[in-house]
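Chemist: Sequence isn't available, so here's the structure alone:
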């Protein structure tokens, strides 16, 4: 039994889609894999709506399953606590993404983009919906 739990945990962890920080590589991969990009702007250690959206939508199996098949996930995180700060190159890249896609500094801000970086849909703020409803909105934009 003690081997079963780590094995199960490993399977669950492998199932989740990973959030990236390299937007240029995400666009390249999205083009090669015929996928779309979800770009989220978050304040992971201070923004309560960001944390809530993470837990209620992005961490849920319904979203994760869809994301693995159809999406490349990019997180532009702007934490405030020093211990949570990303590397300097990631900070600069996030600032550049904010300059291009989030000039008003809204948190959370989630964008659905094509492989070229064109905005297809914007979710401004926390959306009180289920992960299934969120995926349904994505599918509606993509005409799936």
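Modeler: Arrived safely. Given the structure is predicted, the values throughout are model-derived calculations rather than measurements. Residues are numbered from 1 along each chain as shown.

Chemist: Now residue 141: closest residue in space that isn't a chain neighbour?
Modeler: Of all residues not flanking residue 141 in the chain, residue 121 sits nearest, at 4.7 Å (CB to CB, 6 or more residues apart in numbering). Glycine gets a C-beta too; all of them are placed from N, C-alpha and C.

Chemist: what pairs with that neighbour across the strands?
Modeler: residue 112 (DSSP bridges).

Chemist: Would you check how far apart it and residue 92 are?
Modeler: The gap separating residue 121 from residue 92 is 27 Å, by CB to CB, to the nearest Å.

Chemist: residues near residue 104, how many?
Modeler: Other residues near residue 104 number 7, with proximity taken as other CB atoms under 10 Å.

Chemist: what about the residue nearest to residue 141, neighbour count?
Modeler: Around residue 121 there are 15 residues (other CB under 10 Å).

Chemist: Enumerate the helices of the chain by residue range, in sequence order.
Modeler: Per DSSP state H, the chain carries helices over the ranges 4-15, 23-33, 48-53, 61-70, 88-101, 131-142.

Chemist: quick one: which of those helices is nearest residue 78?
Modeler: The closest of the helices of the chain to residue 78 is helix 88-101. By CB to CB, the value is 6.4 Å.

Chemist: May I ask which helix or strand of this protein has the lowest mean pLDDT?
Modeler: helix 4-15 (a mean of 44; mean pLDDT, DSSP states H and E).

Chemist: circling back: I'd like the helices of the chain as CSV, with mean neighbour count and distance to residue 115 appended.
Modeler: What follows is the helices of the chain, written out as CSV (neighbours: other CB atoms under 10 Å; distance: least, CB to CB, whole Å):
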stretch, mean neighbour count, distance to residue 115
helix 4-15, 9, 24
helix 23-33, 15, 4
helix 48-53, 17, 24
helix 61-70, 16, 12
helix 88-101, 14, 15
helix 131-142, 15, 12
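
Chemist: right, and the ones you listed - which one's nearest residue 125?
Modeler: helix 48-53 (6.3 Å).

Chemist: circling back: return the residues in contact with the residue nearest to residue 141.
Modeler: 111-112, 137-138, 141 (CB atoms under 8 Å, 6 or more residues apart in numbering).
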